[in-house]
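Asker: This is a predicted model, with the sequence first.
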Amino acid sequence: AQTVTQSQPEMSVQEAETVTLSCTYDTSESDYYLFWYKQPPSRQMILVIRQEAYKQQNATENRFSVNFQKAAKSFSLKISDSQLGDAAMYFCAYRSAAGGYQKVTFGIGTKLQVIP
Amino acid sequence: GAVVSQHPSWVICKSGTSVKIECRSLDFQATTMFWYRQFPKQSLMLMATSNEGSKATYEQGVEKDKFLINHASLTLSTLTVTSAHPEDSSFYICSAPSLGGASNEKLFFGSGTQLSVL
């Protein structure tokens, strides 16, 4: 079974600074997808960024980028120029690329505080 | 973009009663829906996968007779918590993948239902 581990329960960052959230995962599969989801106080899940395992290039979405290390099974999220609206729970997630609609497995989450 | 509508957003019920939570895909067909449960300060734990027109697949440890799932149409899946007890109090979230193949698939989430059982 796949597992997703987030070892940082809480992180804080000064507004406009950069922060990196860590994630490791365990799988025996070679093809899969990795995600970072944001859950603000409203608790609506929002997709931040997505990475296909077969792509070597790290995904980027504006101020959000990932450092995907497939051999190390590591998938960290970097948030640049942090804004107050970035404060939320961040979940790292894994999904198999096998056929059909595969379930998404989530890590336990990292609570990010942004300090004005 | 695609929207998944979930309601109610919160519900308070007495112990022993049943509660139904609905999840609708508003502008796309959802042949599959995932139901998650999230306890305070914890992650989302998959409870079951519902498939339109067939029986749901439950994760290990989830009682299928207690958490009844029905996916009768391509746009509606329901989760009924039967004979609810205080330990069932939790945040329940549904999600549905869009069609389009795995490489383009997106997962859309409902806004969640906070269930409090007294």
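Answerer: Structure received.
Asker: For stretch B:13-25, give me every contacting residue.
Answerer: B:2-8, B:11, B:33, B:35, B:74-86, B:92, B:94, B:96, B:108, B:110, B:113, B:115-118 (CB atoms under 8 Å, 6 or more residues apart in numbering or on different chains). (C-beta placed from N, C-alpha, C; glycine too.)
Asker: Drop anything exposed from those residues.
Answerer: The neighbour count (16 or more other CB atoms under 10 Å in any protein chain shown) marks B:4, B:6, B:11, B:33, B:35, B:75-79, B:81, B:84, B:92, B:94, B:96, B:108, B:110, B:113, B:115, B:117 as buried among the contacts of stretch B:13-25.
Asker: Among the contacts of stretch B:13-25, which are located in strands?
Answerer: B:4-7, B:11, B:33, B:35, B:76-81, B:92, B:94, B:96, B:108, B:113, B:115-117 (DSSP state E).
Asker: ok, which residues in chain B are in contact with chain A?
Answerer: Proximity of chain B to chain A, by CB under 8 Å from any CB of the partner chain, involves residues B:31-32, B:34, B:38, B:42-46, B:49, B:91, B:93, B:95, B:97, B:102-103, B:105-107, B:109, B:111-112.
Asker: pLDDT below threshold where in chain B?
Answerer: B:1-2, B:99-104 (pLDDT under 70).
Asker: one more time with 90, if that's ok
Answerer: Scanning chain B for pLDDT under 90 picks out B:1-3, B:26-31, B:39-43, B:51-55, B:72, B:74, B:97-108.
Asker: and what of chain A?
Answerer: For chain A (pLDDT under 90), the answer is A:1-2, A:30, A:56, A:96-103.
Asker: Let's check: the centremost residue of it is which one?
Answerer: residue A:36 (2.9 Å; CA atoms, centre = their mean).
Asker: three-state assignment of that residue?
Answerer: Here residue A:36 is recorded as strand under DSSP: H, G, I helix; E, B strand; the rest coil.
Asker: hey, what's residue B:92 bridged with?
Answerer: When assigned by DSSP bridges, residue B:92 has beta-bridge partners residue B:37, residue B:113.
Asker: Now for it: which residues touch it?
Answerer: B:21, B:35-38, B:79, B:112-113, B:115.
Asker: Just put those in JSON lines and tack on distance to residue A:108.
Answerer: Listed next are the contacts of residue B:92 as JSON lines, based on distance: CB to CB, whole Å:
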{"residue": "B:21", "distance to residue A:108": "24"}
{"residue": "B:35", "distance to residue A:108": "19"}
{"residue": "B:36", "distance to residue A:108": "14"}
{"residue": "B:37", "distance to residue A:108": "14"}
{"residue": "B:38", "distance to residue A:108": "11"}
{"residue": "B:79", "distance to residue A:108": "23"}
{"residue": "B:112", "distance to residue A:108": "18"}
{"residue": "B:113", "distance to residue A:108": "21"}
{"residue": "B:115", "distance to residue A:108": "21"}
